[in-house]
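Colleague: any chance you can model this:
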Amino acid sequence: MAKNYYDYNPESVTLDGEQLSPSAISEKVLRYESFVNEVLKSDLKYNLEERDKIYDEISEYMKLQTTLERLQSVEALPIKSKIDVGCNFYMQSRINDISYVYVDVGMNLHVQMRPSEAIQFIQKKVDNLNMKAERLSDKCIDIKSRIKLILEALAELQGLKVDVKQEQRSIFT
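Modeller: From the prediction side, this is the model:
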């Protein structure tokens, strides 16, 4: 006969063969809730922020790649342009020579490269950053699943009804 988990009796809750009192149950519930709120949710927030930083860095590299590709297609020198010097404040600039550019390769280290070398570097760097972002996304998924598992266990321990499977409507009907 299948056990109905929603028939909750606080007198019959056992852990490792020992029967738990309602006060012991509430103590464990509080301990697990604080673990979820203080540890898991802060880890999730940190990993999401780190992933967003990586996506911002990818965006900057992609902008640089687009700019370099456009500069390579220009044949007339000097080139007049506007450069963002920060906080969306632009200054007029003139580019006399595009044979070398300086690229931030990480750790605030700038390396002089030809535009074609810089584009190759950027492609490898973006691939590497995408792998890092994917690993962080996997960590976030793992943390979210742990949070959900603990919350479902807490709900079961407290005798709350949890609708694990949500009704889904068919798109074909």
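Colleague: OK, contacts around E69?
Modeller: Residues in contact with E69, defined by Cβ atoms under 8 Å, 6 or more residues apart in numbering, are I119. Every C-beta, even on glycine, is put in place using the N, C-alpha and C of the backbone.
Colleague: figure out the helix or strand that it lives in.
Modeller: helix 41-73 (DSSP states H and E).
Colleague: and that helix, how far from the chain's centre?
Modeller: 12 Å (Cα atoms, centre = their mean, to the nearest Å).
Colleague: buried stuff in it?
Modeller: In terms of neighbour count (16 or more other Cβ atoms under 10 Å), helix 41-73 has its buried residues at 43-44, 47, 51, 54, 57-58, 61, 64-65, 68.
Colleague: and stretch 108-119, by the same measure?
Modeller: By neighbour count with 16+ other Cβ under 10 Å, stretch 108-119 contains the buried residues 113, 115, 118-119.
Colleague: average pLDDT for it, rounded please.
Modeller: For stretch 108-119, the per-residue pLDDT values average out at 95.
Colleague: cool, and stretch 41-55?
Modeller: Mean per-residue pLDDT for stretch 41-55: 96.
Colleague: stretch 124-140 now?
Modeller: 97.
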